[in-house]
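>>> Predicted model follows, preceded by the sequence.
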Amino acid sequence: MKLKITLLYLFLFAISIVQAQILPTFGNSRTGGSGMQFLKIAPDARSAAMSGAVVGLVNDASAMYWNPAGITSIDTGKVTAQFSNTRWFGNSQVNYGAVAFKAGKLSYVGINVMSLGFGDNKETTEFEPNGTGRNVLMGSTSIGVSFAKILTNNFSFGLQAKFAQEVIANVSLNNVLFDLGLTYNIGIKNARFGVTFTNFGLNVAPTGDVTILKMNNESAKSDFTPVSAPAIFRLGFAIDPICDGTNILTIAAQLNHPTDNNETLAAALEYSWKKILFARTGWEFGLDEDNNFPTVGFGVKLPRSFGNFGVDYGLISKSRIGNIHRIGLLFTIK
């Protein structure tokens, strides 16, 4: 009991620091004010279909991205695994893999990896615009380890530590970041909410060197300005106004409070038939890049002899950059 109370106080203390020192700097358009933008790309199809309004209800392995406390609600046997692929714009792809399992009576542990790849990138310069014949390495990766614990019947707490890296040519940016999260079940029509603060860490400077071309010579630069991570505070709420065993309708709303851009508000619906078929939609308000229509998606979860197998699909249609497709696979092993 003392451990539970201590963890609760530590979380509330961390949130108070966030509110006192960080939140006043939020708001207004500060695009370009941080690096490692790939950390803001949602990796899973379910959240894509619901415009990201899942912090208060996430209950699968993608919780390690949205709210690490959510892994205490996974449809668990012994192990739950999730894999997803996102067809991002600019011929890039985001791949995500996560595994979560129960590590004790009330404790859960998870491991996840996310990568953003750009394929082959030909090197060009001012003097060789058609290419130098060399390729430029570009990519971003994060590796995270999560721990979550059920503190009471209604309250769960989660923490994640992750290593994030961005690489462009001979320059790399490496950082160690932390995510904090909690979930609380109010108990009325399965009403619950979640609070998270993600990508919390120190500013770090890139390492490596860049060759600067001039008309008469070349020079190298290896001294760079420290870069911050895109920290985000999220507050999400969900409720099931219909829940009769066969039909479940979930309504979700979420406030997103980033350090490097405007606040946004998301709302979403999810309908489930016998927890086998799922239909989802959502909308995020306040984006710089408007959607052509609400985000949409569907899911199928099939009981199998080894546990459960599920497939999710999500679609986001942007007015300028086009359609973004996400597909994910979910396995639960008894």
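Thanks, I have it.
>>> hey, C-alpha coordinates of the strand or helix carrying Val195 in PDB?
Following DSSP states H and E, one finds Val195 within strand 192-200. Taking Å, rounded to 0.1, in the frame of the first residue of the first chain, the C-alpha atoms of strand 192-200 are listed here in PDB:
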ATOM      1  CA  ARG A 192     -12.700   6.500 -17.900                       C
ATOM      2  CA  PHE A 193     -10.000   9.100 -18.600                       C
ATOM      3  CA  GLY A 194      -6.300   9.100 -19.200                       C
ATOM      4  CA  VAL A 195      -3.500  11.600 -18.700                       C
ATOM      5  CA  THR A 196      -0.100  11.400 -20.400                       C
ATOM      6  CA  PHE A 197       3.000  13.500 -20.700                       C
ATOM      7  CA  THR A 198       5.300  12.000 -23.500                       C
ATOM      8  CA  ASN A 199       8.800  12.700 -24.800                       C
ATOM      9  CA  PHE A 200      10.000  14.400 -21.600                       C
END
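>>> starting at the chain centroid, how far to that strand?
11 Å (Cα atoms, centre = their mean, to the nearest Å).
>>> So which residues make contact with it?
Residues from elsewhere that reach strand 192-200, judged by Cβ atoms under 8 Å, 6 or more residues apart in numbering: 14-15, 18, 36, 39, 55-58, 66-70, 177-186, 229-239. For every residue, glycine as well, the C-beta is placed using N, CA and C.
>>> what's the pLDDT at the closest residue to Ile41 other than its chain neighbours?
Spatially, and ignoring its direct neighbours in sequence, Ile41 is nearest to Val94 (5.4 Å; Cβ to Cβ, 6 or more residues apart in numbering). Note for Val94: predicted pLDDT of 94.
>>> do the same with Tyr184
At Tyr184, pLDDT is 95.
>>> Without its sequence neighbours, what residue ends up closest to it?
Closest to Tyr184 by Cβ to Cβ, 6+ apart is Phe155, at 5.3 Å.
>>> Which pLDDT does the model give that neighbour?
So Phe155 comes in at 94 (pLDDT).
>>> and it, what does it touch?
8, 182-185.
>>> Who wins on neighbours among these?
For these, neighbours were counted using other Cβ atoms under 10 Å, and Thr183 has the most, 31 neighbours in all.
>>> Look up which residues are beta-bridged to that residue.
Thr183 forms beta bridges with Ser156, Gly194, as assigned by DSSP bridges.
>>> before we move on, what about Lys149?
As for beta bridges, Lys149 partners with Ser107, Phe157 under DSSP bridges.
>>> how many neighbours does it have?
Lys149: 20 neighbours (other Cβ under 10 Å).
>>> Tell me the bridge partners for Leu235.
Val195, Leu255.
>>> My guess is it contacts Glu263. True?
No: in this structure, Leu235 is not within contact of Glu263 by Cβ atoms under 8 Å, at 10.8 Å.
>>> Tell me the residues that contact both of the two, please.
255, 257.
>>> now the nearest residue to Gln37 once chain neighbours are set aside, what's its secondary structure?
Leaving out its chain neighbours, the residue that sits closest to Gln37 by Cβ to Cβ, 6+ apart is Pro230, at 6.2 Å. At Pro230 the chain is in coil, as set by DSSP: H, G, I helix; E, B strand; the rest coil.
>>> Just the pLDDT at Pro230, thanks.
The model's pLDDT for Pro230 equals 93.
>>> Kindly report the same for Gln21.
Gln21 is given a pLDDT of 37.
>>> For stretch 315-322, buried residues please.
315-317 (16 or more other Cβ atoms under 10 Å).
>>> ugh, wrong one, stretch 113-126
Under 16+ other Cβ under 10 Å, the buried positions of stretch 113-126 are 114-116, 118.
>>> again with stretch 269-287
Buried residues in stretch 269-287 (16+ other Cβ under 10 Å): 269-270, 272, 278, 280-284.
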